[in-house]
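> next input, structure requested:
(2 chains)
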Amino acid sequence: DAKTTQPPSMDCAEGRAANLPCNHSTISGNEYVYWYRQIHSQGPQYIIHGLKNNETNEMASLIITEDRKSSTLILPHATLRDTAVYYCIVRVDSGNTPLVFGKGTRLSVIA
Amino acid sequence: KAGVTQTPRYLIKTRGQQVTLSCSPISGHRSVSWYQQTPGQGLQFLFEYFSETQRNKGNFPGRFSGRQFSNSRSEMNVSTLELGDSALYLCASRHGNFGDRPNNEQFFGPGTRLTVL
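Presented below is the predicted three-dimensional model:
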């Protein structure tokens, strides 16, 4: 079973920041937080991951709370093309560990 | 660098038939994983292959099988198809040989949509 809890859906105005929350209260010390997204009819796409420090790349920022029990994915300037289902996944970053997807958050970016 | 490719993209079969799906990973990637996506169950892990060996397996019946070739290309087979096997089958590749290194993310293909009638 997925070890994360996400809201089923969110809306965001185009051009505004989208903040997607994720709860992972049972996370272990060696588990990373991963984010993937799936645009309709496509395969999931890796966005970002982190262990305990905040991370930023060209797509998004990941903010992890100090106790690591929750995190927030931030899309700084959402566009219509960011409309997708976003999955938060907790995972031991081992070569033998598959991704366990929950139901994710369906983000709708509105013009 | 070309992405993960899957063939065919769409497939229609009838109950009782068998089907083989193909996946070509990103060049240099030695690990290939397969996932099934349905509206009811979401994305579920089927199995992973690394260097022609199955390294991990999800909770699916034995009708679902796979293999990997020496060039890292992979196939999955479903025998005795059931209506519930209708799904999007996704393949993902990654380097796979970095152990615990964090930069080992998976890259997904577009999927094969299988419809069983």
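
> okay, which residue is most central for chain B?
Centrality entry for chain B: nearest residue to the mean C-alpha point is B:Trp34, 2.6 Å, by Cα atoms, centre = their mean.

> tell me the bridge partners for the nearest residue to B:Leu46 once chain neighbours are set aside.
Closest residue to B:Leu46 apart from its sequence neighbours, by Cβ to Cβ, 6 or more residues apart in numbering or on different chains: B:Trp34 at 4.1 Å. For the C-beta atoms, the positions are set from N, CA and C on the backbone; glycine is no exception. In this structure, B:Trp34 has beta-bridge partners B:Phe47, B:Cys91, where bridges are defined by DSSP bridges.

> picking that back up, residues touching the residue nearest to the centre of chain B, list them.
Counting by Cβ atoms under 8 Å, 6 or more residues apart in numbering or on different chains, B:Trp34 touches B:Cys23, B:Phe45, B:Leu46, B:Phe47, B:Glu48, B:Gly66, B:Ser74, B:Met76, B:Tyr89, B:Leu90, B:Cys91, B:Ala92.

> and the helix or strand encompassing B:Leu114, how far from the chain's centre?
Secondary structure from DSSP states H and E places B:Leu114 in strand B:112-116. Computed by Cα atoms, centre = their mean, to the nearest Å, the separation of strand B:112-116 from the middle of its chain amounts to 13 Å.

> stretch B:47-58 now?
In terms of Cα atoms, centre = their mean, the gap separating the centre of stretch B:47-58 from the centre of its chain is 10 Å.

> can you pull the buried residues of that stretch?
Neighbour counts over stretch B:47-58 (16 or more other Cβ atoms under 10 Å in any protein chain shown) mark B:Phe47, B:Glu48, B:Tyr49, B:Phe50, B:Arg55, B:Asn56, B:Gly58 as buried.

> now do stretch B:4-24
B:Val4, B:Thr5, B:Gln6, B:Lys13, B:Val19, B:Leu21, B:Cys23, B:Ser24.

> find the closest residue to chain B in chain A.
For chain A, the nearest residue to chain B under the criterion Cβ to the nearest Cβ is A:Gly43, separated by 3.0 Å.

> what sits opposite A:Leu75 in the beta ladder?
Applying DSSP bridges to A:Leu75 yields these beta-bridge partners: A:Ala18.

> can you report how many residues lie near it?
Neighbouring residues of A:Leu75 were enumerated by other Cβ atoms under 10 Å in any protein chain shown; the total is 21.

> check it and give its pLDDT.
Looking at A:Leu75, its pLDDT reads 98.

> and it, how far from A:His24?
Distance, A:Leu75 to A:His24, using Cβ to Cβ, to the nearest Å: 19 Å.

> what sits closest to residue 65 if chain neighbours are left out?
Because you didn't say which chain, this covers chain A. Computed as Cβ to Cβ, 6+ apart, the closest residue to A:Thr65 that is not its neighbour in sequence is A:Ser71, at 6.8 Å.

> actually it's chain B I care about, not the one you picked
Taking Cβ to Cβ, 6+ apart as the measure, B:Ser65 lies nearest to B:Asn77, with 5.0 Å between them; neighbours along the chain are not counted.

> ok, that neighbour to B:Ser86 distance?
Using Cβ to Cβ, B:Asn77 is found at 16 Å from B:Ser86.
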